[in-house]
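Trainee: next come a sequence and a model predicted from it.
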Amino acid sequence: AFVVSKGQTYSYSFASSVATNKGHVFMPTNGVGRWTLTNDVPINVKLFDATGDGVTDDSAAIQSAIDNGGGRGIYFPEGNYIVRTPLDGTDKYYRVLVGSGKHAGTTITGKFSETWAGKPVLDLTGACNWALYNMAIEGDPAGSLPNLPGCDVLLARSTTLPNSNGHYFENCGLGGKTSL
């Protein structure tokens with residue numbers, strides 16, 4: 001059986017008992033079997049409760065999508081997704097982040113407290129084979145913490161830590177600086 005909900009297609013397995021999460025595995029109300037997101041469509045970040053309203057902290061929702069999105073795309077509908085803690089892509093492989101456009105489309109903006117000052121919006125240290133399409137990523141705006149501006153995407157931290165490789169960026173805007 002298949003069902004479409006919020007633009008996503010799910011299939012039902014009576015025998016499945018895999019762990020549930022907010023994005024791609026749901027348990028029916030009777031507790032038997034699981035509805036699972038099919039592999040042929042990207043995960044919509046809003047299934048993880050991201051809002052993209054430019055006000056709400058979407059850090060946990062986006063991080064959950066990243067953690068659960070291996071091997072499939074993660075779609076960001078039009079909006080400004082605020083992150084108040086850095087997104088951790090370290091040592092994760094094969095992620096594809098797809099937005100609706102970098103100009104008046106999809107933006108991920110870092111707005112960090114003193115705790116995270118100077119940190120990247122997206123840390124890809126040690127990660128491999130990520131692709132980002134049609135979005136803008138902006139480090140902590142200068143007005144937020146003027147003496148410690150953060151970077152947009154961190155690809156490597158030092159010569160002793162694993163470096164990132166195999167990344168692809170298309171139609172992406174990086175608003176501040178990128179640490180390579």
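Mentor: Received the coordinates, thanks.
Trainee: can you report how many residues lie near residue 30?
Mentor: Residue 30 has 6 neighbours, counted by other Cβ atoms under 10 Å. The way it works is simple: take the backbone N, C-alpha and C, and place the C-beta from them, glycine included.
Trainee: so what's it scoring on pLDDT?
Mentor: pLDDT, residue 30: 73.
Trainee: and for residue 46?
Mentor: Predicted confidence (pLDDT) at residue 46: the value is 90.
Trainee: and it, that's in a strand?
Mentor: No - under DSSP: H, G, I helix; E, B strand; the rest coil, residue 46 sits outside any strand and is assigned helix.
Trainee: name the nearest residue to it, sequence neighbours excluded.
Mentor: Leaving aside its chain neighbours, residue 46 sits nearest to residue 77 (6.4 Å; criterion: Cβ to Cβ, 6 or more residues apart in numbering).
Trainee: helix, strand or coil: sort out that neighbour for me.
Mentor: coil.
Trainee: ok, residue 64 next?
Mentor: helix.
Trainee: coming back round to it: what about the residue nearest to residue 46, how many neighbours?
Mentor: Neighbourhood size, residue 77 [other Cβ under 10 Å]: 16.
Trainee: please report phi then psi for it.
Mentor: Main-chain torsions, residue 77, degrees, to the nearest 10: phi -60, psi 170.
Trainee: so how far is residue 138 from it?
Mentor: 18 Å (Cβ to Cβ, to the nearest Å).
Trainee: with residue 46 instead?
Mentor: Taking Cβ to Cβ, one finds residue 46 at 20 Å from residue 138.
Trainee: of these two, who's got more company?
Mentor: Per other Cβ under 10 Å, whichever of residue 46 and residue 138 has more neighbours is residue 46, with 21 against 18.
Trainee: with adjacent residues omitted, what lies nearest to residue 171?
Mentor: That would be residue 134: by Cβ to Cβ, 6+ apart, it lies 4.9 Å from residue 171.
Trainee: bridged to residue 25, which residues?
Mentor: Beta bridges link residue 25 to residue 21, residue 36, judged by DSSP bridges.
Trainee: residue 13 now?
Mentor: Counting by DSSP bridges, the residues bridging with residue 13 are residue 34.
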